[in-house]
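Asks: Pasting a predicted model and its sequence here:
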Amino acid sequence: MEPRALGPPGLLALGVLGSLLALGAQAQLAAAGPEPALWPLPRAVQMSPRLLQLAPANFSIGHGPNSTAGPSCSLLQEAFRRYNEYIFGSYKMHQDLAKFQVGTQLQQLLVTIILESECNSFPSMSSDESYTLTVREPVASLKANKVWGALRGLETFSQLIYQDSYGTFTINEANIIDSPRFPHRGILIDTSRHYLPVKNILKTLDAMAFNKFNVLHWHIVDDQSFPYQSITFPELSNKGSYTLSHVYTPNDVSKVIEYARLRGIRVIPEFDTPGHTQSWGKGQKDLLTPCYKGQKQADSVGPINPMLNTTYTFLTMFFKEISKVFPDQLIHLGGDEVEFDCWASNPNIQNFMKKKGFGQDFTKLESFYVQKLLDIIASMNKGSIVWQEVFDNNNELQPGTIIQVWKLERYASELSQVTASGFPAILSAPWYLDLISYGEDWRKYYLVEPLNFQGSDKQKKLVLGGEACLWGEYVDATNLTPRLWPRASAVGERLWSDKTVRDLLGAYDRLSRHRCRMLRRGISAQPLFVGFCD
Amino acid sequence: MAGGALGLRLLLLAALCGVAAALWPWPRSVQGSPRRYCLGPAAFAFRHHAGSAAQPGCDVLDAAFARYRRLLFGAGPWPPPSLSGQHHESKDMLVVTVATAECNEFPTLESLENYTLTIDDDQCLLTADTIWGALRGLETFSQLVWTSAEGTPLDVMAYNKLNVFHWHLVDDPSFPYDSITFPELARKGSYNPVTHIYTAQDVKEIIEYARLRGIRVLAEFDTPGHTLSWGPGIPGLLTPCYSGSRPSGDFGPVNPILNSTYEFMSLFFLEISSVFPDFYLHLGGDEVDFTCWKSNPDIQAFMKKRGFDDFRQLESFYIQMLLDIISAYNKGYVVWQEVFDNKVKVRPDTIVQVWREEKPVTYMQEVELVTKAGFRALLSAPWYLNRITYGPDWKAMYNVEPLDFEGSPEQKALVIGGEACMWGEWVDSTNLVPRLWPRGGAVAERLWSSNLTTDLDFAYKRLSHFRCELLRRGVQAEPIGVGYCEQEFEET
């Protein structure tokens, strides 16, 4: 797996962790063989030079005796099986290496959940993902308050194991204490510009778990197509999808949600309105605003028609379904890039504006619409995320509304304003991975510091995290995976690891090997630079 | 892709007015008619015309018939045709006739690839001067049929009527070519001498695979620069760099002052010229860094002895020696433009590949200069597909006109084509295919079709359609805009 690349041994990057590191151990460790390429880097890592061997036939992952979770926790059972496979892969089948073992062995990893396990729950913004991992002969111990931390710890454990030059599975004795820096670490996928087969979405969830991402932001519909099959309004996808095979059935959606849950990943659906809704119009009559050319109605339609009661009746019923189908506490309501031309052309809208005293200020009309929508969502006991325009164009906004900052220009000052107004924020602006360029652009994603803006500590605490966005204009199943990985991994570490973890040389070394690991696990992650994987 | 699912009657469109106008690259001349015909997999066959120079046993055509049959109908089995609901007359065969049959030969730079395809009530006929033209015509025929699928890069090249696979086999980072004469090259110079090499058998298979598709394999062994990976296998080949009065431990380009260098090159290229059947070899010659040569006292002494005051003279000295070696093996050669720019004396039949966009002059001016000096030119500068940007960058590549320079008709005739280049710094098997296709298709059409075929809207429609056709044939070709294909790519 070694890319034949430059740079010092990866472990030097751990130097930032200072005191916890047994500094004296490093030299010995480097000499002992390939060090683990941990990604994202845990909060505190203490590595011992003492090596333990793992024999595939004589190693197991199981529940600790004091764990609140046991074999009935299928989330953990599934995870144990998955990680056993990631660690040993096809080697397991080959032969019983146990016979050849001479050194000290690690026989078991015991996973202990300390508090109420949340085994059958869905993860949320407040889910506890912290864990501690202690690797000692003969039994390693992974402790977490909740299953969510256990999932993260299993990933770290799997990253500690490597094969030495004789092919023996090896691990260093170690102590790791870890928890994420931000609670919201997301990937945005866009299934409207291009339809992504469910298989491709599941693969993305696997790769997300390898990088400790915990939110799939599913931008499911947009102007171009409406692949979400609604139970209440089946015509939306019947008429608005590219073809009848380019749809997500209720079964597809629940499959994605459960697959994500088992990996500790939340699924936040986005139904972007009132703009970006051309595809809604095909299956829902009168929902969109008719545009006018002079006195006459033109053939075209614009954003959702904000002045009709039928609009809000529809939205209430529609979001009632959405709030049930998607278990997450949050729904993304979009609200970006609303074009006012069509509204401005429509005489009925003009009258409505006059009546409401909005003058010529269409942001007020937009605001009117958004307020009503936010109230509908609040009445369903759900929280809302919106794109930054909703904040920019609104004087008053329901408190607690989460603002996603996406415009690259002056994003730090936007963060500063959003949080100064007391709203929680999610950062995406510097992480639009669909905007490709030649060379090593992961470095620039990596070096972003989300809290590098003017503001009080209280403001900084309002930054919940960020998302790497892969918009779909030029992306479908043919190129999604190599375009997303390992570029998104850079964002993954920025959102998980400590602020001080930003040494590019060490990151390059670890990330090159992490990408080879992803390859081995079936993710076609593209190369960082010249080099190779085994 | 079972044929059965398709109801087994494919429609052959003689008509190009319809939605199926997804021909790529666009043929020189297309005449449409509204007539449509059915093709039934059980009955349909490709046949040699009784008067054709090629008859059964001509492996290139026999293999192509089998390949295109599979592309059109899948692997079978096919149920007997049902006659109900048949609205179109059927065609049971495509008759192929060629004037000469070079069935066991390799395609060359001079190979004729023209063909004529006639489909009407009376006939369904493909005529071509050569089997290579027949291959191109078969691809066009398959694109006329509404319909499955092979996806290696060479297959996709054939779908795009590209005919040269320029294989930049070795470079600084690794030497995967497993030489028979110098096995240490790959043993010490490859990333992994077991898994990351191309054995003689691999190379042979690739060459034959290409030949059956009318594709030449042009091997590049770039020297004297870009050769770091050659060093570990051949001690003494590379120039030791100096730091002050001592060797620094680093190495530079091939050492041009030693006889042993030329002895090695003679033996190495003797092998290469027999392994690769194409008349041409690519000898590289780009980006030679002079700093190491400058630092080395032996090189300095050699320069003095020879009366060289410029390192380009030393480079020239090396290249000329190399060209003489290659010439003695009866091979022609292609070099990167620096060889020309640095005024290396080369033989008049040298082909110069223009790759630099701006320097020392714009690429079109460079083509002008190269052809003015009487050399043949290959254009790559505007077609570096590894350089990615956001959005539909294929358009700019499509808009390039290779003959858009000041020059005589004789000069223009010296431009023998171009190449789309996919350098590998950031490319491996994880992202090669979607990065190459359909963007490479834009270059393919520019090099095949008439210079008048430049309408971007028309191209966008056909290329979108062609990319869906590629998906159906199993090729992971990426989208060029929003939309969908009936059959999307699914990861395995």
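Replies: On my side now, so go ahead. Residues are numbered from 1 along each chain as shown, chains lettered A, B, ... in the order given.

Asks: interface residues of the stretch 301-450 of chain A facing chain B?
Replies: Taking C-beta under 8 Å from any C-beta of the partner chain as the measure of proximity, the stretch 301-450 of chain A contacts chain B at A:434, A:435, A:436, A:437, A:438, A:439, A:440. For glycine as for every other residue, the C-beta is placed from the backbone atoms N, C-alpha and C.

Asks: Put together JSON lines for these, with secondary structure and pLDDT on each row.
Replies: Output for these, formatted as JSON lines (DSSP: H, G, I helix; E, B strand; the rest coil; pLDDT from 0 to 100):
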{"residue": "A:434", "secondary structure": "coil", "pLDDT": "98"}
{"residue": "A:435", "secondary structure": "coil", "pLDDT": "98"}
{"residue": "A:436", "secondary structure": "coil", "pLDDT": "97"}
{"residue": "A:437", "secondary structure": "coil", "pLDDT": "96"}
{"residue": "A:438", "secondary structure": "coil", "pLDDT": "96"}
{"residue": "A:439", "secondary structure": "coil", "pLDDT": "94"}
{"residue": "A:440", "secondary structure": "coil", "pLDDT": "95"}
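
Asks: and the residues you listed, which are buried?
Replies: Buried subset of those (neighbour count, 16 or more other C-beta atoms under 10 Å in any protein chain shown): A:434, A:436, A:440.

Asks: ok, the residue in the stretch 151-300 of chain B that chain A sits nearest to - how many residues close by?
Replies: Using C-beta to the nearest C-beta, residue B:191 is the residue of the stretch 151-300 of chain B that sits closest to chain A, at 4.0 Å. Around residue B:191 sit 21 other residues, with neighbours defined as other C-beta atoms under 10 Å in any protein chain shown.

Asks: Does it touch residue B:176 like I think?
Replies: Yes - contact criterion C-beta atoms under 8 Å: residue B:191 and residue B:176 qualify, at 7.3 Å.

Asks: List phi and psi for residue A:137.
Replies: Dihedral angles of residue A:137 (phi, psi; degrees, to the nearest 10) stand at phi -70, psi 140.

Asks: shouldn't it be in contact with residue A:105?
Replies: Yes - assessed by C-beta under 8 Å, residue A:137 is found in contact with residue A:105 at 7.1 Å.

Asks: so what sits against both of the two?
Replies: Common contacts of residue A:137 and residue A:105 (C-beta atoms under 8 Å, 6 or more residues apart in numbering or on different chains): residue A:52.

Asks: Return the residues of the stretch 351-492 of chain B in contact with chain A.
Replies: Contact residues (C-beta under 8 Å from any C-beta) of the stretch 351-492 of chain B with chain A: B:386-392, B:424-431, B:433-435, B:471, B:476-484, B:486, B:488-491.

Asks: Buried among the residues you listed? Need that as a selection in ChimeraX.
Replies: Buried members of these, defined by 16+ other C-beta under 10 Å, are picked up in ChimeraX with:
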select /B:386,388,392,425,426,427,428,430,431,433,434,435,471,476,477,478,479,480,482,483,484,488,489,491
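
Asks: Enumerate every residue touching residue A:227.
Replies: Counting by C-beta under 8 Å, 6+ apart, residue A:227 touches A:191, A:192, A:195, A:220, A:221, A:237, A:241, A:242, A:246, A:247, A:248.

Asks: do you know how far the second one is from chain B?
Replies: It stands for residue A:192. Computed as C-beta to the nearest C-beta, to the nearest Å, the residue A:192 to chain B distance reads 8 Å.

Asks: so which strand or helix has that residue?
Replies: Counting by DSSP states H and E, no helix or strand carries residue A:192.

Asks: Which residue is the nearest non-sequential neighbour of it?
Replies: Nearest non-adjacent residue to residue A:192, counting by C-beta to C-beta, 6 or more residues apart in numbering or on different chains: residue A:222, 3.5 Å away.

Asks: Dihedrals phi and psi, the residue in the stretch 201-350 of chain A positioned nearest to chain B?
Replies: Among all residues of the stretch 201-350 of chain A, residue A:242 sits closest to chain B, at 4.0 Å; criterion: C-beta to the nearest C-beta. Main-chain torsions, residue A:242, degrees, to the nearest 10: phi -60, psi -50.
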